[in-house]
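A.B. asks: Prediction below, plus the sequence it came from.
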Amino acid sequence: MLDKRYNPKDIEKKWYDFWLEKGYFKAEAKSDKPSYCIVIPPPNVTGSLHIGHALDITLQDVLIRWKRMSGYNTLWLPGTDHAGIATQNVVEKALQSQGEDRHRLGREKFIERVWEWKKLYGGTIINQLKSMGASCDWSRERFTLDEGLSKAVREVFVRLYEEGLIYRGDYIINWCPRCHTALSDLEVEHEDVKGKLWYIKYKFTHKAGYITVATTRPETYLGDTAVAVNPEDRRYKDIIGKTVKLPVLNREVPVIADEFVDSSFGTGAVKVTPAHDPNDFEIARRHNLPFIKIMTGDGKMTEEAGPYRGQDRFVCRKNVLNDLEDLGHLEKVTDHDLAIGHCYRCKTVIEPYLSKQWFVKIKPLAEEAVKAVRDGNVKIIPTGWENSYFDWMENIKDWCISRQIWWGHRIPVWYCKSCDEIIVSMETPSACKCGSSNLAQDEDVLDTWFSSALWPFSTLGWPEDTDELKTFYPTSVLITGFDILFFWVARMIMMGLKLMNKQPFDHVYIHALIRDAEGMKMSKSKGNVVDPLKMTDAYGTDAFRFTLAAYAAQGRDIKFNEKRVEGYGHFLNKIWNVARFISMNMKEGDRVLSLEELRSGDVSGRLNLAERWILSRLSDICSDVNKALEEYRFNDAAGILYQFMWHELCDWYVEMIKPELYGDNADAKMVALSALVHVFEAALSLLHPVMPFITEEIWQQLPAKKDVESLCVRKYPDADTGIYDKDAEDKMSVIMNVVEGIRSIRGELNIQPSLELKVLIKTLDSVEDVLKPNISYVMKLARVQEIQIGSDIKLPKNSATAIKPSMEIYVPLAGLIDVDVEINRLKKDFAKTEKDLVFINKKLMNEDFRSKAPKAVIDENQTKCNEYKDKLQGIQDSIDKLKKWGKE
RNA sequence: GGGCGGAUAGCUCAGUUGGGAGAGCACAGCCCUUACAAGGCUGGGGUCACAGGUUCGAGCCCUGUUCCGCCUACCA
């Protein structure tokens, strides 16, 4: 017997260990079964589970468990990402608190320290995934710095280099002065700020007067090597080719003409700082201007900055402005909105910085990746994201992949110190072709996302030709948030196509971002983060998972509200209790008929309407749930199951069969119980992918015979699990109408629930034929003591009336209620129905409607119209009679 | 600057090809009916942001407006 209450804590670990022990999560490298594979978006190895992971994990686990139960050879491949900058930052901070410093430690020692850190904390997030119930194949867990994956990285680098798709050069890149590394364009977060535009006067050298330039970064004027104007700009025609003098430094720079300059902005004259601005860099290349670096990698001013050398860039700005002001070189200052780039890891203001870096020539890769989506080889769901994808891909710029940090895949390039030869190689070379062995490896490591881009095939063993690759590549679907669509998804598609000649996955399901209940982005600094572990602690993992699935409607952010988890906790309790109910009414060893027996000739005739109906409904929802999952409508799947389990199975079916269960007709009891067990087991199976723990616990405890060892590997129900039976559903809706009609009278007229009523139903013979054999349901569910049915029933004196399609239900209430109350109730219903009738009549009278609308729609409206008319007539009769009796 | 999404019951949201709007929670009334008060039954509650248009018919399609949110971008 189950405990009175469901206690998640006790059972979750038990079952997870059981599943692991049985090896259910293990994929077969070769199999006759169709394969289904998801690679996990690898969380940062130093991270801990946040609610976004929880959603991601839940959806993936739902799909994997569903497919596993549906007979697929499923592989959910887990792992973690070394997260170069983030991890290095974390370890550096830890070192700092111990009074250490990575530079003092040296590269090798430092990396050892990071590995130690990884050993200590790398398991945290993996254990948290397990606590969420994730059915990953842990025997295949990968880490981006594993030997195999590192080999893949080198292989890709060498291949792309040899094809000319990877190159090295001096360009302006995004530099984080805090992390001391280059970043790709994507790793810069732009924030809109209200800034200033400073107007600086540069004096002419050939005559009196000056030209004014406008800038948002006045300190960079120290590195100016020109002033540019648009060649068409009449104002400046005469001074093109002349020179101006930079204030303080007194350096002379030329005025040049370049199309890039927009005459309508600012003064139409632009200061050109080639080493500190990407546009200026391009201008400088066109005009052969010198590049003057005025800043170091720390964001401090260099020798070139003259009197400002050694100053921090922001201090320098202040000083420069003061000096310009004092010298009369500051013409004016205006407000100006601009977007300032920040490092996505440490939020430091990014500096455009000239340096030698490695790049991936990305256009050729992007073109193929665009094609794959356009041709439908990769399907992005919801499709709305395709636009963003195309937009980004079509305007893509070369990808800076070198990082000046230590934690990551070291770039497989060696420089010969004797002859300047560059050696790019899989293996560490021992000597240059010039004979020298004086080689030095490139100091930099690769962008973390370079290795993540290979994840779908590097984890399956590439570049080796493995069975896993043959079986599982391309993978089935990738589940992730839109925030890494470009960072990761797009790059995986490019790399997959390039190196595997096939897309890495058939589908990409992009899920929403989770916000707090007010719609604000969750962040540690705002203090509004919801800790998933607190949710699972308070309500159980299953309630939390169900909530996330129920929230996961496509194309909308999730405003997470804990109340909803609480609500679904109630749902678990409901399921728990119906399980208890079954246990109470069933003994171990009681005979339970299988579906085959239930539908076989000698039993099916003994099925009551209740059984036929619930089996039919099961059939309906089985196909609905499978379809919803097929289309990634997780919220619909959850909603359908919630509705079915609670409101159809518990509220109706269980209540309908209580007389059989409590009665002494053993055969009837067996039939009812068999259907109940069958439907309940099917419902548990359907729910299992969403709430694996409670369903397993309940199912294991059911006194019914088990067909398999675990729900985990039980066949996922399909439409065949039930018996579709339209006749039963139609008949049941008649019964429900009667019951609801009577309950409605009880409820609205405040009749004691304990009072057993007498009821009369005036109806057609055909409906009578439905009601008569099933009248016991009505009597039980509506608490009716005596019932009369017929086409010639008359409204008894002082009765309440409920009108339903083809039925008038009378409940004599002499002495129980105030006649006026009932009249008012009827009048309300009358008014409502009348409104409906007027509307529908107007429609039906419309010639255009009659001639242009489809026949089915017209018929439907006509039927409704007749129903309304009948109903009004019935209500009016009742009102008239009540009034008449009132006067007597 | 460009692009995308959202606005539906008090709250959070569903609403598949256009055929008079649904759920959960919250609220109100009645019930401790032997699975469940974390429950049962009943009920109230909506000009589907605004203005036009297409259509016999619009929450849904088209145009415009307002207000939110997001992505993206080298106007110094």
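C.D. replies: Received, thanks.

A.B. asks: Check what pLDDT A:Leu197 gets.
C.D. replies: Note on A:Leu197: pLDDT of 89.

A.B. asks: Flag every residue of the stretch 651-800 of chain A that's near RNA strand B.
C.D. replies: Residues of the stretch 651-800 of chain A lying close to RNA strand B (Cβ under 7 Å from any atom of the strand) are A:651, A:654-655, A:658, A:662, A:740, A:743-744, A:746-748, A:750, A:752-754. C-betas here are computed from N, CA, C, even on glycine.

A.B. asks: In those, find the pair that's most separated.
C.D. replies: A:Tyr662 and A:Glu748 (30.0 Å; Cβ to Cβ).

A.B. asks: More neighbours: which of those two?
C.D. replies: Using other Cβ atoms under 10 Å as the criterion, A:Tyr662 and A:Glu748 rank with A:Glu748 on top: 17 against 9.

A.B. asks: Now the more buried one: phi and psi?
C.D. replies: Backbone geometry at A:Glu748, expressed as degrees, to the nearest 10, gives phi -70, psi -30.

A.B. asks: per-residue pLDDT, the nearest residue in space to it that is not next to it in sequence?
C.D. replies: Nearest non-adjacent residue to A:Glu748, counting by Cβ to Cβ, 6 or more residues apart in numbering: A:Arg825, 5.6 Å away. Note on A:Arg825: pLDDT of 89.

A.B. asks: burial of A:Arg825, as a residue count?
C.D. replies: 20.

A.B. asks: In contact with A:Tyr236, which residues are there?
C.D. replies: By Cβ atoms under 8 Å, 6 or more residues apart in numbering, the contact list for A:Tyr236 reads A:211, A:229-230, A:255, A:268-269.

A.B. asks: what's the burial count for the closest residue to A:Met69 other than its chain neighbours?
C.D. replies: Once flanking residues are discounted, A:Met69 sits nearest to A:Tyr716: 3.7 Å by Cβ to Cβ, 6+ apart. When counting by other Cβ under 10 Å, one arrives at 22 neighbours for A:Tyr716.

A.B. asks: re earlier: what's the separation between the residue nearest to A:Glu748 and A:Lys871?
C.D. replies: 14 Å (Cβ to Cβ, to the nearest Å).

A.B. asks: what does A:Phe450 give?
C.D. replies: In terms of Cβ to Cβ, A:Phe450 sits 70 Å off from A:Lys871.

A.B. asks: quick one, which of the two is more surrounded?
C.D. replies: A:Phe450 (27 against 22).

A.B. asks: Could you pull out the buried residues of the strand ranked longest in chain A?
C.D. replies: In chain A, assigned by DSSP state E, the strand with the most residues is strand A:188-204. In terms of neighbour count (16 or more other Cβ atoms under 10 Å), strand A:188-204 has its buried residues at A:188, A:197-202.

A.B. asks: and if you look at stretch A:4-23?
C.D. replies: Within stretch A:4-23, the residues scored as buried using 16+ other Cβ under 10 Å are A:6, A:8, A:11-12, A:15-16, A:19.

A.B. asks: Report the buried residues of stretch A:289-305.
C.D. replies: Buried residues in stretch A:289-305 (16+ other Cβ under 10 Å): A:289, A:291-297, A:299-302, A:304-305.

A.B. asks: send the alpha carbons of it over as CSV?
C.D. replies: C-alpha atoms of stretch A:289-305 as CSV (Å, rounded to 0.1, in the frame of the first residue of the first chain):
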residue,chain,number,x,y,z
LEU,A,289,48.4,56.0,-43.2
PRO,A,290,50.7,55.1,-40.2
PHE,A,291,49.2,53.0,-37.3
ILE,A,292,50.0,54.5,-34.0
LYS,A,293,49.3,52.4,-30.9
ILE,A,294,48.5,54.6,-28.0
MET,A,295,47.3,51.9,-25.7
THR,A,296,48.6,48.7,-24.1
GLY,A,297,46.8,45.5,-23.7
ASP,A,298,46.0,46.6,-20.1
GLY,A,299,44.2,49.7,-21.3
LYS,A,300,47.0,52.0,-20.3
MET,A,301,48.5,54.7,-22.4
THR,A,302,51.8,54.1,-24.3
GLU,A,303,54.8,56.2,-24.9
GLU,A,304,53.0,57.5,-28.0
ALA,A,305,50.5,59.3,-25.7
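
A.B. asks: residues from the stretch 351-500 of chain A in reach of RNA strand B?
C.D. replies: Close to RNA strand B, as judged by Cβ under 7 Å from any atom of the strand, the stretch 351-500 of chain A has residues A:384, A:387-388, A:391-392, A:395, A:483, A:486.

A.B. asks: tell me the two of the contacts of A:Tyr236 that are most distant?
C.D. replies: A:Ile211 and A:Asn230 (13.2 Å).

A.B. asks: the strands in the stretch 501-650 of chain A, which residues?
C.D. replies: A:505-511, A:514-515, A:558-559 (DSSP state E, counting those that start in this stretch).

A.B. asks: The stretch 1-150 of chain A now?
C.D. replies: Going by DSSP E, counting those that start in this stretch, the stretch 1-150 of chain A shows strands at A:35-39, A:73-77, A:79-80, A:142-143.

A.B. asks: For RNA strand B, find the nearest of those.
C.D. replies: With Cβ to the nearest atom of the strand, the closest approach to RNA strand B among the strands of the stretch 1-150 of chain A belongs to strand A:35-39: 22.6 Å.

A.B. asks: What residues of the closest one count as buried?
C.D. replies: Applying 16+ other Cβ under 10 Å to strand A:35-39 flags A:35-39 as buried.

A.B. asks: so who does the residue most central in space within chain A touch?
C.D. replies: The centroid of chain A falls nearest to A:His511 when counting by Cα atoms, centre = their mean (2.2 Å). Neighbour list for A:His511: A:55-56, A:59, A:479-481, A:552 [criterion: Cβ under 8 Å, 6+ apart].

A.B. asks: Between these, which sits nearest RNA strand B?
C.D. replies: Closest to RNA strand B, out of all of the contacts of A:His511 and judged by Cβ to the nearest atom of the strand, is A:Ala552, at 9.0 Å.

A.B. asks: so how far is A:Gln60 from the closest one?
C.D. replies: From A:Ala552 to A:Gln60 the distance is 12 Å (Cβ to Cβ).

A.B. asks: again, but for A:Asn501
C.D. replies: Where A:Gln60 is concerned, A:Asn501 sits at a distance of 26 Å (Cβ to Cβ).

A.B. asks: Looking at the two, which one has more neighbours?
C.D. replies: Neighbour count, other Cβ under 10 Å: between A:Asn501 and A:Gln60, A:Gln60 has more, with 26 against 8.

A.B. asks: was I right about the more buried one contacting A:Ile38?
C.D. replies: Yes - using Cβ atoms under 8 Å, A:Gln60 is in contact with A:Ile38, at 5.3 Å.

A.B. asks: Give the residues shared as contacts by the two.
C.D. replies: A:76, A:479.

A.B. asks: what about the helices in the stretch 301-450 of chain A?
C.D. replies: Ranges of helices in the stretch 301-450 of chain A, per DSSP state H, counting those that start in this stretch, are A:313-326, A:363-374, A:384-394, A:448-452.

A.B. asks: Can I get the ones you listed in TSV including mean pLDDT?
C.D. replies: As requested, the helices of the stretch 301-450 of chain A are arranged in TSV below (pLDDT from 0 to 100):
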stretch	mean pLDDT
helix A:313-326	92
helix A:363-374	91
helix A:384-394	85
helix A:448-452	94
